[in-house]
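> Kindly return the folded structure for what I paste below:
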Amino acid sequence: MSIVQFDNVSRIYTSGDHELRALDHVSFTLDEGKFVVILGPSGAGKSTLLNLLGGLDSPSEGTITVSGADISKLTNNELADYRASTVGFVFQFYNLIPTLTVYENVKLVSEISKNALDARDIIGKVGLLDHLYNFPSELSGGEQQRISIARALCKNPKILLCDEPTGALDSETGVMVLKLLLDMAKNYGKTIVIVTHNQNIAKMADEVIRVKNGKIREVIEQENPLSADEVEW
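Purely as a prediction, here's the structure:
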């Protein structure tokens, strides 16, 4: 079932007389519970697309529908509510609060989400219960990324948006993180959207959306995507 629909969406930035069309009349749909990769080179419009879906920005033209609601015309306060209730964010750099413990970093989202899940339970799902009271500086990069995923999942979002989530990790740790994200899609019904330029990650996706120069160049549905273990890293 479709959860996201972009209909003729453009995002135009202006500076004086100069106009930059970061996205140019983009249309596509995303299905619930799918692992989706948005693939393209630097400057293609991938991050702009992710920011629009995440409610961090609004389109200049077109409509974006999520779970039947048009988010393209929401006010700033309404977008804040949307971000709190519907989407979770995972970034390349973990953005953990250094003065809070692992548990406190994850538990923090319960203050903004009405349907937050139990922080201890989610930390257990990412395999880090034995680090509950460690600080981020005491964790490896892969452990910090798993905690950032746990924090995003604790909000209980319908959609998890990931911007180069393995870009700062070695291949072994990156595979571990990707397995976790795949599990969230397959076994927990989350729609996972990963923005990347990594062709290997695309091999694991149910759907690949290729973006170049602000346009959708190709949408590929993969009936038998590879598992993380089958991909040659």
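
> C-alpha from now on. contacts and neighbour counts both.
Fine.

> which residues of the chain fall in helices?
46-53, 76-85, 102-107, 119-125, 141-154, 171-188, 199-202 (DSSP state H).

> Quick one: closest of those to Val211.
helix 46-53 (6.7 Å; Cα to Cα).

> list the contacts for the residue minimising distance to the centre of the chain?
In the chain, the residue lying closest to the centroid (Cα atoms, centre = their mean) is Leu161, at 1.1 Å. Going by Cα atoms under 8 Å, 6 or more residues apart in numbering, Leu161 touches Leu50, Gly54, Val87, Gly88, Phe89, Val90, Ile192, Val193, Ile194, Val195.

> I'd like those as a markdown table, with distance to Leu100 appended.
A markdown table is the format used below for those (distance: Cα to Cα, whole Å):
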| residue | distance to Leu100 |
| --- | --- |
| Leu50 | 28 |
| Gly54 | 25 |
| Val87 | 23 |
| Gly88 | 20 |
| Phe89 | 19 |
| Val90 | 18 |
| Ile192 | 27 |
| Val193 | 28 |
| Ile194 | 27 |
| Val195 | 28 |
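
> which of those has the most neighbours?
Ile194 (28 neighbours; other Cα atoms under 10 Å).

> which secondary element of this structure has the worst mean pLDDT?
helix 171-188 (a mean of 86; mean pLDDT, DSSP states H and E).

> okay, the angle between it and helix 141-154?
If you take axes from the mean of the first three to the mean of the last three Cα atoms, to 10 degrees, helix 171-188 sits at 20 degrees to helix 141-154.

> buried ones in helix 171-188?
Thr173, Gly174, Val175, Met176, Val177, Leu178, Leu180, Leu181, Leu182, Met184, Ala185 (16 or more other Cα atoms under 10 Å).

> my guess is the second one meets Gln144, correct?
Read it as Gly174. No: look at Gly174 against Gln144 with Cα atoms under 8 Å: they stay out of range, at 11.9 Å.

> Run a quick neighbour tally on Glu61.
Glu61 has 17 nearby residues by other Cα under 10 Å.

> OK, contacts around it?
Here Glu61 is in contact with Asn8, Val9, Ser10, Arg11, His25 (Cα under 8 Å, 6+ apart).

> now Val177
Going by Cα under 8 Å, 6+ apart, the list of residues near Val177 reads Gly142, Gln145, Arg146, Thr166.

> looking at it, the last one is touching Glu172, isn't it?
No: because the distance of 10.1 Å does not satisfy Cα under 8 Å, Thr166 is recorded as not touching Glu172.

> Leu39 reaches Asn200, doesn't it?
No: in this structure, Leu39 is not within contact of Asn200 by Cα under 8 Å, at 10.4 Å.

> Surely Asn112 is in contact with Ala84?
To be clear, residue 112 is Ile; Asn isn't right here. Yes: using Cα under 8 Å, Ile112 makes contact with Ala84 at a distance of 6.0 Å.

> quick one on the thing from earlier: farthest-separated two in the contacts of Leu161?
Val87 and Val195 (14.8 Å).

> quick one: furthest residue from the center of this structure?
Distance from the centre of the chain peaks at Asp17, with 33.3 Å (Cα atoms, centre = their mean).

> now the strands for this structure?
Secondary structure of the chain (DSSP state E): strands at 2-15, 18-31, 35-39, 61-66, 69-70, 87-91, 159-163, 191-196, 207-212, 215-221.

> can you redo the contacts of Glu61 as a markdown table with pLDDT, distance to Ser60 and neighbour count?
Converted to a markdown table, the contacts of Glu61 look like this (pLDDT from 0 to 100; distance: Cα to Cα, whole Å; neighbours: other Cα atoms under 10 Å):
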| residue | pLDDT | distance to Ser60 | neighbour count |
| --- | --- | --- | --- |
| Asn8 | 97 | 10 | 16 |
| Val9 | 97 | 7 | 23 |
| Ser10 | 97 | 6 | 24 |
| Arg11 | 96 | 5 | 22 |
| His25 | 96 | 10 | 16 |
